[in-house]
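# structure for this input, please:
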Amino acid sequence: MTEPFVYEQAFHRNIGWFTREEQQLLRSKRVAVGGLGGCGGAHVTTLARLGVGAFTLSDFDHFELANFNRQAGAKMSTLGKPKLDVVRAMALDINPELQIKSFPEGILEGQIDAFLEGADIYVDAIDIFALETRRKIYARCRALGIPAILSVPAGMGTAFLIFSPTGMSLEEWFRFEDVEPAKRLVNFIVGVTPAGLHRSYLVDRSSVNLETRDFPSTGLACELCAGVTAAQTAKILLGRGRIEAVPTYHHFDAYKCVYKKSRIAGGNRNWRQRIKLAFGYREFAKLSKISGDRDQIVYGSPAV
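You can find the predicted model right below:
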């Protein structure tokens, strides 16, 4: 006989870290998650197990074998299936009372406000290369007063940034307008992993290929992303204490057992960041000129 779902019983073990009142508050919250691949699926299941009551989900892709090393919904039984359908089913299997809004075509420009409607926070897991879409989403988050969290798998660790709608913006941090579009990916990579803790143990530099959009990745890093993102999401949703948003950045590397947190005044405009950017531009230029050459490395790659 199937045991009936009871919210309070399902999430009873959260009590102690949350009060009963806080658990019910999480039940009333909606989290918008853009992208359900590398980190997105893990974000959803982790937040569902915290007892978050509603999600808005978006992804247009399908699972394939190349996803197996890191994506929560990737397995033989889901090959070829839409990521959104799979992750949605996983979340509902944890909490059948979830309220879920789906955007199976991705976050199209004319649908950004609809995607963010009713969201208490935005969790960013869209593709690293989708910079223009990311910029538009963050602009609307800021205008609508919605906080956002961006975490990336970096080697065997995670780097994450929190963007408050009243604090430093995505544009101020990454300085995309300082360079032509071809160089903006460098601004993103350097800005999202300023500490670069993961770079020292990349043993095969040929695994980074900008032409084919290949970056090495690990599933454990995606799980770490989900953990830190869920913790900070809960803290924000419950209004618990100080939130360390940009210009503070965070990077935890499980391989090196190192946690780095620091402030970078001005973001990518800071002189230290500009030195890293100059080096990154040179490396990307080399990579773009050598078609098929897999012996080049992209500086500071988050290896997503």
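
# name the helices or strands packed onto the helix or strand encompassing Asp85?
Element membership for Asp85, per DSSP states H and E: helix 83-94. Judged by 3 or more CB pairs under 8 Å, 6 or more residues apart in numbering; DSSP states H and E, the packing partners of helix 83-94 are helix 40-50, strand 54-58, strand 99-103. For glycine as for every other residue, the C-beta is placed from the backbone atoms N, C-alpha and C.

# compare the ones you listed and report which one is nearest to Ala245.
Nearest to Ala245, of all the helices and strands packed on helix 83-94, is helix 40-50, at 18.3 Å by CB to CB.

# how about the closest one: buried residues?
40-50 (16 or more other CB atoms under 10 Å).

# could you dump these to JSON lines with distance to Glu180 and pLDDT?
Below are these laid out as JSON lines (distance: CB to CB, whole Å; pLDDT from 0 to 100):
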{"residue": "Gly40", "distance to Glu180": "29", "pLDDT": "97"}
{"residue": "Gly41", "distance to Glu180": "34", "pLDDT": "97"}
{"residue": "Ala42", "distance to Glu180": "34", "pLDDT": "98"}
{"residue": "His43", "distance to Glu180": "32", "pLDDT": "98"}
{"residue": "Val44", "distance to Glu180": "35", "pLDDT": "98"}
{"residue": "Thr45", "distance to Glu180": "39", "pLDDT": "98"}
{"residue": "Thr46", "distance to Glu180": "38", "pLDDT": "98"}
{"residue": "Leu47", "distance to Glu180": "37", "pLDDT": "98"}
{"residue": "Ala48", "distance to Glu180": "41", "pLDDT": "98"}
{"residue": "Arg49", "distance to Glu180": "43", "pLDDT": "98"}
{"residue": "Leu50", "distance to Glu180": "42", "pLDDT": "98"}
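
# now do the strands in the chain.
30-34, 54-58, 99-103, 121-124, 148-154, 157-163, 248-253, 258-263 (DSSP state E).

# just to check, Leu65 is in contact with Thr78?
No. Using CB atoms under 8 Å, Leu65 makes no contact with Thr78, being 11.0 Å away.

# comparing the two, which residue is more hemmed in?
Taking neighbours as other CB atoms under 10 Å, Leu65 and Thr78 compare with Thr78 leading, 21 against 9.

# and the helices and strands packed on helix 83-94: which comes nearest Val246?
That would be helix 40-50 among the helices and strands packed on helix 83-94, by CB to CB, at 19.4 Å.

# what angle sits between the closest one and strand 148-154?
120 degrees (axes from the mean of the first three to the mean of the last three CA atoms, to 10 degrees).

# residues in contact with the residue nearest to Ala226 when sequence neighbours are not counted?
Among residues not flanking Ala226 along the chain, Ala42 sits closest, at 3.7 Å (CB to CB, 6 or more residues apart in numbering). By CB atoms under 8 Å, 6 or more residues apart in numbering, Ala42 lies in contact with 72, 222-223, 225-226.

# from those, which two are the most distant?
Across the contacts of Ala42 (CB to CB), the longest gap, 10.9 Å, separates Ala72 and Cys225.

# more neighbours: which of these two?
The neighbour count for Ala72 versus Cys225, taken as other CB under 10 Å, is higher for Cys225 (30 against 25).

# rewinding a little: turn the strands of the chain into TSV, columns for mean pLDDT and mean neighbour count.
Shown next, in TSV, are these (pLDDT from 0 to 100; neighbours: other CB atoms under 10 Å):
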stretch	mean pLDDT	mean neighbour count
strand 30-34	98	25
strand 54-58	98	23
strand 99-103	98	16
strand 121-124	98	25
strand 148-154	97	27
strand 157-163	98	26
strand 248-253	98	21
strand 258-263	97	12
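
# ok, which of the ones you listed comes nearest Arg199?
Closest approach to Arg199 among the strands of the chain (CB to CB): strand 148-154, 8.8 Å.
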